[in-house]
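Asker: here is the input, now give the coordinates:
(2 chains)
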Amino acid sequence: GAVVSQHPSRVICKSGTSVKIECRSLDFQATTMFWYRQFPKQSLMLMATSNEGSKATYEQGVEKDKFLINHASLTLSTLTVTSAHPEDSSFYICSARDPAPGFSFSYNSPLHFGNGTRLTVT
Amino acid sequence: SQQGEEDPQALSIQEGENATMNCSYKTSINNLQWYRQNSGRGLVHLILIRSNEREKHSGRLRVTLDTSKKSSSLLITASRAADTASYFCATDEAAGNKLTFGGGTRVLVKP
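Answerer: The predicted structure is shown next:
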């Protein structure tokens, strides 16, 4: 089945530094990837939609200059948290759609998720 | 506000019992999906039900969809301790290529 790999799984950084999180689709090409943020015991909040070869689409209230997204290839999207602060500490998860057989259009297919990145900013 | 609202927020049952959780949403959808998340991990897709379907089964899972009431339910039959996880519904909205997740139901299955 489709696999999405996310790295690193955990990162601790000091306030003011930047952190890059990678999301790779291992056995399929993903023109679109999605970045979510999750607080403890809460749901996933969509931050942005990453589009290969073009600018990401950010959800309302998400600072695009703080959360830089680059989707340079059909298998890799990166999220960079710039000038991180303790309030940026969270669980970040990426996902991608795999247009599996039986689905006539990609948006009917399920999402495949990475295992998430636990970011702690001290 | 979230597109999907789930209830209950938490559920504790004995192994062998059934677990039922519900999801309500607000807008028109292409499909509704259920996901499972073990603590500190990513989400795993369980089942997808299209807007023109009313019921779907997959193993011990049964999902219903009532588009007139904008609601869905997930039933896990004969639960096992390994079913302990958080379960999320997600709506694939008719307008836009994105999934919106509900608040989730934390299920604890006691052995």
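
Asker: count the neighbours of B:T105 for me.
Answerer: By other Cβ atoms under 10 Å in any protein chain shown, 22 other residues sit near B:T105. Yep, even glycine has a C-beta here, placed from its N, CA and C like the rest.

Asker: report pLDDT for it.
Answerer: Per-residue pLDDT puts B:T105 at 95.

Asker: ok, now B:S51?
Answerer: Listed pLDDT for B:S51 reads 93.

Asker: tell me where the model's unsure across the chain.
Answerer: Because you didn't say which chain, this covers chain A. For chain A, applying pLDDT under 70 flags the ranges A:1, A:99-108.

Asker: please go with chain B instead
Answerer: Applying pLDDT under 70 to chain B picks out residues B:1-4, B:95-96.

Asker: would you map the helices across it?
Answerer: In chain B, no helices are found when defined by DSSP state H.

Asker: how about the residues of it that lie near chain A?
Answerer: For chain B, the contact set with chain A under Cβ under 8 Å from any Cβ of the partner chain comprises B:2, B:30-31, B:33, B:35, B:40-45, B:48, B:50, B:88, B:90, B:92, B:97-104, B:106.

Asker: can you select the buried ones among these for me in ChimeraX?
Answerer: A single ChimeraX command selects the buried members of these (16 or more other Cβ atoms under 10 Å in any protein chain shown):
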select /B:2,30,31,33,35,41,42,43,45,48,88,90,92,97,98,99,100,101,102,103,104,106
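
Asker: give me every residue in chain A lying close to chain B.
Answerer: Contact residues (Cβ under 8 Å from any Cβ) of chain A with chain B: A:4, A:6, A:32, A:34, A:36, A:41-44, A:46, A:49, A:91, A:93, A:95, A:106-116, A:118.
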